[in-house]
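In: give me coordinates for this.
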Amino acid sequence: MIEGKIVAVCLSPGKGERKKDVGQGELLENFGLAGDGHGGDWHRQVSLLALESIAKMRAAGLSVGPGDFAENLTTEGIELNTLPIGTRLRVGDGALLEVTQIGKECHTRCAIYHQAGDCVMPKEGIFARVLQGGPVRSGDVLRVEEARP
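Out: Next up is the predicted model:
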């Protein structure tokens, strides 16, 4: 079983902006993270990015951390961008996510891109929808429940 952990839970009121690590939150079924600007009835309800990906940007000389790439959940221990679409992820003991998209097209270059000449979110970030809601907090276990080929 593939297992990692949640290291940050991040929110922002609007889209396209850095998020703030709030430590915990509530994943709402068919919506996303309560209070976040990306929530709604669509396929990119929750965004996830690995701490290992953020470390690549730090190695490039940037002072960045959880939330700076507008991700909702910063994780550790799972190569997120290798998970197939349809993979189900259990957050703690309750919430269940389904991976709907790997990476994204970056239409407008963000501040991170202009500082570093690159950004990891379009290549290594993933998106999911919430199949079952529940609490999420830093330190929660993140388990790959079902990886679909």
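In: what's the helix or strand for the residue nearest to K15 when sequence neighbours are not counted?
Out: Of all residues not flanking K15 in the chain, G37 sits nearest, at 5.0 Å (C-beta to C-beta, 6 or more residues apart in numbering). Backbone N, C-alpha and C define where each C-beta goes, glycine included. Taking DSSP states H and E as the definition, one finds G37 inside no helix or strand.
In: I'd say G37 and R18 touch.
Out: No: under the criterion of C-beta atoms under 8 Å, G37 is not in contact with R18, lying 11.6 Å apart.
In: so what sits against both of those two?
Out: S12 (C-beta atoms under 8 Å, 6 or more residues apart in numbering).
In: looking at this structure, which helix or strand is least sure?
Out: helix 111-116 (a mean of 52; mean pLDDT, DSSP states H and E).
In: give me the buried positions along the helix or strand where A55 lies.
Out: Using DSSP H and E, A55 sits in helix 51-59. Using 16 or more other C-beta atoms under 10 Å as the test for burial, helix 51-59 gives 51-54, 56-57.
In: immediately after that helix, which helix or strand?
Out: strand 73-76.
In: buried ones in that following strand, by neighbour count?
Out: Buried, per 16+ other C-beta under 10 Å, within strand 73-76: 73-75.
In: closest to V136 out of those?
Out: L73 (6.9 Å; C-beta to C-beta).
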